[in-house]
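In: only geometry, no sequence info:
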Ligand SMILES: Nc1ncnc2c1ncn2[C@@H]1O[C@H](COP(=O)(O)OP(=O)(O)OP(=O)(O)O)[C@@H](O)[C@H]1O
Ligand SMILES: [Mg+2]
């Protein structure tokens, strides 16, 4: 893992130098939170908010968006852009290992995730009276598992797709169903019965559901949800190792 | 053991792309401390060969050993010990030059103690804080060279190192290579500039259609061509036939060229002196007289039937 820290740090600074990426990972989820809460602000009738406001439902969804934009979009785009520009090819004639490289790009995006989550959390808890009624430690734990899974998913997409074009196609064709089915907008119970198992198997659903349950202080009974995350992570890592190409 | 003084050994190396044989049965040996040049027209297979040696491409058959290592099976160890400049690559576009040097140095087990001194050597000091994408082509090329040197490699691989450099930067590059060579290191380069191969290389291989068609010291290559000297001139005051010069001493052939003549001769001095006397006697005014001794360009032309530079 020689060079890991330097690679991750330089990648982090490079991302900061690219304002569009910084916007998508940091500002977009916060803006989305504001849009939902302030402009739309419509509680779902009959939904149990456990004494909190609509904002407490939007909060976990905004965190999911941070994770999606930094990991699920950020990592594969970094990999394919560098591959297309020949940057990976140049790195290949150094002794750096694939795992070090992927880990470095993941670490850099992890840092952005942490900042993005902090921004949304400060906004939600500081200005919109959202409270985490469950264990804060569990909240951080779920966040961590979610980040690992989505960084792995991002690496897998950046490995399977050779070009940015292909990566974008994969990202957006997975993004849309996740937005619709992963409880970001509507509870699972409102989906048609046949769609529910599919929705539950998507990697974003457990993240969103677990975070929301912790915010509402509901007991975490459904530990199989961690299994869904773990399975996606393992499959992704296998795909990354199997399909990673330098050029 | 002779094996240990060899920096590189290729045996019957073949690389195919579909029906095209890009590298065709190449065998080579390069000694430690040698500057070795590979020249050949576009598409001859230079990049394919050098990149197989660098472990970037896998040969279809044949064997390659660099510093005794197999580039495919022992690639990581090999990459620790070689320095590579690729014909076509980039680094992270927004990375600053100074950062790039630091980053690449951190990837090696052993790197130069003060890699930033390379910026001075390569006249990049005033660009240390510029982003890579904002550099000129020649400056990017120099960054690529600096990156190839950060690990103080045992062998340097340069694929068209001086393409795009101005004459001054090219001379500076030659000096840098000679200095590197002076420390007992090995250099493998490809080039399109014959004067570069002639000035720098201990030995030169000419490659065409994937095959090595000549391999020797530049002096021997030129000598073996037996091309002789050329005397070139123009006659400015009246029309003359080329036959008039065929009788001059040592001339083997006369060719009209542009609006003048080329005399091929086995003795440049004798031909030149007699040419001037002959012109005096016949009242010819000669202009733009010069002699050309054959060089690698002629070797190249004779071997491949093509001019080096298009
Ligand atoms: N990845 C590839 N796939 C298919 N064909 C290739 C590939 N790389 C090279 N070739 C072909 O192999 C031949 C040799 O190419 P190569 O790049 O080695 O030439 P070169 O001597 O380096 O030329 P130049 O002087 O233009 O750099 C060319 O005909 C080229 O089209
Ligand atoms: Mg080439």
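Out: Arrived safely, thanks for sending. Keep in mind it's a predicted model, so treat the numbers as computed, not measured. Residues are numbered from 1 along each chain as shown, chains lettered A, B, ... in the order given. Ligands and ions are numbered 1, 2, ... in the order given.

In: Show me what from chain B comes close to ligand 2.
Out: Applying CB under 5 Å from the ion, we find that chain B lies next to ligand 2 at B:46, B:47, B:87. For every residue, glycine as well, the C-beta is placed using N, CA and C.

In: Lowest average confidence across helices and strands of the chain, where is it?
Out: I went with chain A, as the question did not name one. Sorting the helices and strands of chain A by mean pLDDT, DSSP states H and E puts helix A:19-22 at the bottom, at a mean of 78.

In: Can you list the buried residues in the helix or strand following that one?
Out: Following helix A:19-22 in sequence order, the next helix or strand is helix A:28-34 (DSSP states H and E). Across helix A:28-34, burial judged by 16 or more other CB atoms under 10 Å in any protein chain shown covers A:28, A:29, A:30, A:32, A:33, A:34.

In: Tell me how far residue A:208 lies from residue A:177.
Out: According to CB to CB, to the nearest Å, residue A:208 and residue A:177 sit 13 Å apart.

In: sorry, that was for residue A:220
Out: Distance, residue A:220 to residue A:177, using CB to CB: 25 Å.

In: who's more crowded, residue A:208 and residue A:177?
Out: Using other CB atoms under 10 Å in any protein chain shown as the criterion, residue A:208 and residue A:177 rank with residue A:208 on top: 24 against 14.

In: so what's residue B:90 up against?
Out: By CB atoms under 8 Å, 6 or more residues apart in numbering or on different chains, the contact set of residue B:90 is A:85, A:86, A:87, A:90, B:132, B:140.

In: okay if I get these as JSON lines plus distance to ligand 1 and secondary structure?
Out: Below are the contacts of residue B:90 laid out as JSON lines (distance: CB to the nearest ligand atom, whole Å; DSSP: H, G, I helix; E, B strand; the rest coil):
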{"residue": "A:85", "distance to ligand 1": "17", "secondary structure": "helix"}
{"residue": "A:86", "distance to ligand 1": "13", "secondary structure": "coil"}
{"residue": "A:87", "distance to ligand 1": "18", "secondary structure": "helix"}
{"residue": "A:90", "distance to ligand 1": "16", "secondary structure": "helix"}
{"residue": "B:132", "distance to ligand 1": "22", "secondary structure": "helix"}
{"residue": "B:140", "distance to ligand 1": "17", "secondary structure": "helix"}
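
In: which helices and strands sit right next to the longest helix belonging to chain A?
Out: Taking DSSP state H as the criterion, chain A has its longest helix at helix A:98-127. On a contact count with 3 or more CB pairs under 8 Å, 6 or more residues apart in numbering or on different chains; DSSP states H and E, helix A:98-127 meets helix A:4-17, helix A:28-34, helix A:55-67, helix A:75-85, helix A:136-160.

In: and chain B, which of those is closest to it?
Out: Closest of those to chain B is helix A:4-17, at 4.0 Å (criterion: CB to the nearest CB).

In: Give me the angle between that closest one and helix A:75-85.
Out: For helix A:4-17 against helix A:75-85, the angle by axes from the mean of the first three to the mean of the last three CA atoms, to 10 degrees is 90 degrees.

In: mean confidence score for helix A:4-17?
Out: When pLDDT is averaged over helix A:4-17, the result is 93.

In: low-scoring pLDDT stretches of chain A, where are they?
Out: Along chain A, segments meeting pLDDT under 70 span A:221.

In: before we move on, what about chain B?
Out: B:1-4, B:226-227, B:306-310.

In: could you pull out the strands for it?
Out: Per DSSP state E, chain B carries strands over the ranges B:6-17, B:20-31, B:35-39, B:61-66, B:82-85, B:155-159, B:186-191, B:203-208, B:211-216, B:229-235, B:251-257, B:260-265, B:286-292.

In: Residue B:301: which of these is closest?
Out: Residue B:301 lies closest to strand B:203-208 among the strands of chain B, at 10.8 Å (CB to CB).

In: Adding distance to residue B:118, write the buried residues of helix A:28-34 out as TSV.
Out: Shown next, in TSV, are the buried residues of helix A:28-34 (distance: CB to CB, whole Å):
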residue	distance to residue B:118
A:28	41
A:29	42
A:30	43
A:32	46
A:33	48
A:34	49
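
In: Can you tell me which of the residues you listed comes closest to residue A:17?
Out: residue A:28 (18.1 Å).

In: In three-state terms, label the spatially closest residue to that closest one that is not a sequence neighbour for me.
Out: Closest residue to residue A:28 apart from its sequence neighbours, by CB to CB, 6 or more residues apart in numbering or on different chains: residue A:69 at 6.1 Å. What DSSP: H, G, I helix; E, B strand; the rest coil gives for residue A:69 is helix.

In: hang on, residue A:69 packs against residue A:30?
Out: No - under the criterion of CB atoms under 8 Å, residue A:69 makes no contact with residue A:30, lying 11.2 Å away.

In: Find the residue closest to the residue nearest to the spatial centre of chain A in space, skipping its chain neighbours.
Out: Residue closest to the average C-alpha location in chain A (CA atoms, centre = their mean): residue A:67, at 2.2 Å. Spatially, and ignoring its direct neighbours in sequence, residue A:67 is nearest to residue A:150 (5.1 Å; CB to CB, 6+ apart).

In: was I right about that neighbour contacting residue A:74?
Out: No - counting by CB under 8 Å, residue A:150 does not reach residue A:74; the two are 9.8 Å apart.

In: between these two, who's got more neighbours?
Out: residue A:150 (31 against 26).

In: tell me which element residue A:199 falls in.
Out: helix A:196-201.

In: picking that back up, just name the most buried of the helices and strands packed on helix A:98-127.
Out: Mean neighbour count (mean count of other CB atoms under 10 Å in any protein chain shown) peaks for helix A:55-67 among these, with a mean of 25.

In: helices or strands up against that one?
Out: Counting by 3+ CB pairs under 8 Å, 6+ apart, helix A:55-67 packs on helix A:28-34, helix A:98-127, helix A:136-160, helix A:204-216.

In: Would you reformat these as a markdown table and include distance to ligand 1?
Out: Formatted as a markdown table, the helices and strands packed on helix A:55-67 follow (distance: least, CB to the nearest ligand atom, whole Å):
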| stretch | distance to ligand 1 |
| --- | --- |
| helix A:28-34 | 39 |
| helix A:98-127 | 21 |
| helix A:136-160 | 20 |
| helix A:204-216 | 39 |
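
In: Which residue, neighbours along the chain excluded, lies closest to the most centrally placed residue in chain B?
Out: In chain B, the centroid-proximal residue (CA atoms, centre = their mean) is residue B:191; its distance is 3.1 Å. Closest residue to residue B:191 apart from its sequence neighbours, by CB to CB, 6+ apart: residue B:197 at 5.6 Å.

In: wait, the one you found sits on residue B:299?
Out: No - using CB under 8 Å, residue B:197 is not in contact with residue B:299, being 9.8 Å away.

In: ok, the residue nearest to residue A:28 - contacts?
Out: A:24, A:25, A:28, A:29, A:116.

In: Would you mind listing the residues in contact with the residue nearest to the centre of chain A?
Out: Residues near residue A:67 by CB under 8 Å, 6+ apart: A:113, A:117, A:146, A:147, A:150, A:207.

In: of all the residues you listed, which comes closest to ligand 2?
Out: residue A:150 (40.4 Å; CB to the ion).
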